[in-house]
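# Structure of the sequence below:
(one chain, ligands or ions: 2)
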Amino acid sequence: MTDLDLAKINIIEDDKLLKLLSTRTGHSEVKEILKKGEELKGLDLNDCAKLLSIQGDKLLEMLFASAKKVKMTIYGPRLVLFAPLYCSSFCVNDCDYCAFHTRNPASRVKLSLESIKEQVEILEAMGHKRLLLEFGEHPIENPIEYVVDVIRTIYATKKAPGEIRRVNVNIAAATVENYRRLKEAGIGTYQLFQETYHKATYKKMHHGPKADYQRQLLAIPKAYEAGINDLGIGVLFGLYDYRFEVLSLVQYAQFMDKVLGVGPHTISVPRFQSAHTVNLQLKHRVSDRDFLKLIAILRLAVPYTGMIISTRESPEIRRQAFAIGISQASAASRTAPGGYKTDNDQATGSQFNINDHRSLDEVVQDICQLGYLPSFCTACYRLGRTGDVFMKLAKAGTIHQKCQPNALTTFKEYLLDYASPETRQVSEKSIIDHMKLIENPQTRKRLNENLKKLEDGTRDLYI
Ligand code: SAM
Ligand code: SF4
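Numbers count the residues shown, from 1 in each chain. Ligands and ions are numbered 1, 2, ... in the order given. The predicted model follows:
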């Protein structure tokens, strides 16, 4: 599909979505919609609008209970962990919300490949296996050649037993040609957030090349055209009415499904946080209650899409979000280039402030205590189970048979190589409990063999 063809499609139907915001509903209708959501077939825009209108505690509890069921049916108890790696704060844009905007007079940092290696070794020593790369938009400082060199450097940095096995990338909207180069360099997911789907707000908040709403909106199909089929979307919650943004995310997911033949691999739910030199008076700040509500609605609306939460959120909110829909979480993050070298996770030079300051080990321990299974799995991407191949397995429910054992082997690897004695102790029971969820005797046998091999020193085992 050409740019011209894409430009003809009205991907986000603002008027229709805005009208839907006045929809109201009652107890029995909510029950019907939740029942439909629990059938794992997703929800349409009307259903989502009705759920977005829910106010009372009782209905909200019912919504959370349904989202919890869907989360457990599709993702089981697993939570995939990763860390962001900020590579360069050089940026030509002046986005109102971000500390890397041009109005910030502070000097910028672009990591040399040597510094990238150093950062990666620190992340590997914590036990991370997946990274999400972050760059400001700067054609001269951060050209595609630099991004590709960074990716290659990361994959080549292996300080035993550490290695990064999947590199996801968040760079500004690019050309098909540049996306091809990312694909060749071996990226996992390409993520790009629309920030806000509301055109007037988008225009107001952005200055510079990113101010082109269509460029941002059509970047995902361009990346797909270049052969990248694990694609992540998101909005920055707080810029505009969260109800409109949720409907837009669902409509965008529908567009991807229909036109590209593959829905979003992930939806991220970043919420605006304070940041150096950012002075935004937000009219649409999202409360904790609404934040959890929107996660639950997205869980029901697009059940096969992974959902990502970051350390922008406090441990308490993250715990609640895990229960009702989140399947991936960052941990021990720094949001400044070079940040992993310091103990200060709020250093000037950071893109925004974070609210979860725990180490990876503390997060892992907490996750286990809550009954979830931490996973460092990267198997699907490495076995070519991406895009629609992954979706088909997910929809048939067979992906569980891969994810659960792979989560267990990667978790065991973490315990052997990196965990504190306390985490090891807490986890012993959790490994036994999570093994019980594997019903297939063949899979269980293979898993037991792999766990034994790990004890004997082999690494990186997956099915
Ligand atoms: N520069 C690229 C772009 O803008 O698309 C890469 C993304 S940027 C490094 C990562 C994301 O951080 C942005 O897409 C935005 O949603 C988010 N972000 C920026 N400022 C933020 C803030 N103050 N609070 C929370 N998230 C923020
Ligand atoms: Fe630059 Fe991205 Fe920050 Fe905007 S959000 S100022 S494009 S780094």
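
# Next one: the residue in the stretch 101-250 of the chain that ligand 2 sits nearest to from G384, what distance?
When scored by Cβ to the nearest ligand atom, the stretch 101-250 of the chain has G136 as its residue closest to ligand 2, at 3.8 Å. For glycine as for every other residue, the C-beta is placed from the backbone atoms N, C-alpha and C. Separation of G136 from G384 (Cβ to Cβ, to the nearest Å) stands at 32 Å.

# same deal with K453?
23 Å.

# try K50
K50 is 39 Å from G384, by Cβ to Cβ.

# In terms of packing, which of G136 and G384 has more residues around it?
G136 (25 against 9; other Cβ atoms under 10 Å).

# What pLDDT is listed against that one?
Looking at G136, its pLDDT is 98.

# surely it meets N170?
No: applying Cβ atoms under 8 Å, one finds G136 not in contact with N170, separated by 10.6 Å.

# Can you give me the neighbour number for A223?
28.

# SS state for it?
Using DSSP: H, G, I helix; E, B strand; the rest coil, the structure places A223 in helix.

# got the residues of the stretch 351-463 of the chain near ligand 1?
By Cβ under 6 Å from any ligand atom, the residues of the stretch 351-463 of the chain that approach ligand 1 are Q351, F352.

# Okay, helices next: where are they in the stretch 351-463 of the chain?
360-369, 379-382, 387-396, 400-417, 421-435, 441-455 (DSSP state H, counting those that start in this stretch).

# and Q194, which of the ones you listed is closest to it?
helix 387-396 (20.6 Å; Cβ to Cβ).

# tell me which parts of the stretch 201-350 of the chain are close to ligand 1?
Counting by Cβ under 6 Å from any ligand atom, the stretch 201-350 of the chain sits next to ligand 1 at K210, L236, P270, F272, Q273, A275, V278, R312.

# In JSON lines, list those along with pLDDT and distance to A407.
Shown next, in JSON lines, are these (pLDDT from 0 to 100; distance: Cβ to Cβ, whole Å):
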{"residue": "K210", "pLDDT": "98", "distance to A407": "36"}
{"residue": "L236", "pLDDT": "98", "distance to A407": "30"}
{"residue": "P270", "pLDDT": "98", "distance to A407": "25"}
{"residue": "F272", "pLDDT": "98", "distance to A407": "32"}
{"residue": "Q273", "pLDDT": "97", "distance to A407": "29"}
{"residue": "A275", "pLDDT": "96", "distance to A407": "34"}
{"residue": "V278", "pLDDT": "97", "distance to A407": "37"}
{"residue": "R312", "pLDDT": "98", "distance to A407": "24"}
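
# between these, which is closest to ligand 2?
K210 (4.8 Å).

# Which positions in the stretch 51-200 of the chain make contact with ligand 1?
Counting by Cβ under 6 Å from any ligand atom, the stretch 51-200 of the chain sits next to ligand 1 at Y97, C98, E134, G136, E137, N170, I171, A172, L192, F193, E195.

# Let's see that with 5 Å instead.
Contact residues (Cβ under 5 Å from any ligand atom) of the stretch 51-200 of the chain with ligand 1: Y97, C98, E134, N170, A172, F193.

# so the first one, which of the three states?
Read it as Y97. coil.

# Burial check on it, number of neighbours?
Neighbours of Y97 (other Cβ under 10 Å): 20.

# my guess is it contacts N279, does it?
No: Y97 is beyond contact range of N279, at 10.1 Å (criterion: Cβ under 8 Å).

# Run through the strands of the stretch 201-350 of the chain in chain order.
For the stretch 201-350 of the chain, the strands defined by DSSP state E, counting those that start in this stretch cover 231-234, 266-268, 306-309, 328-330.
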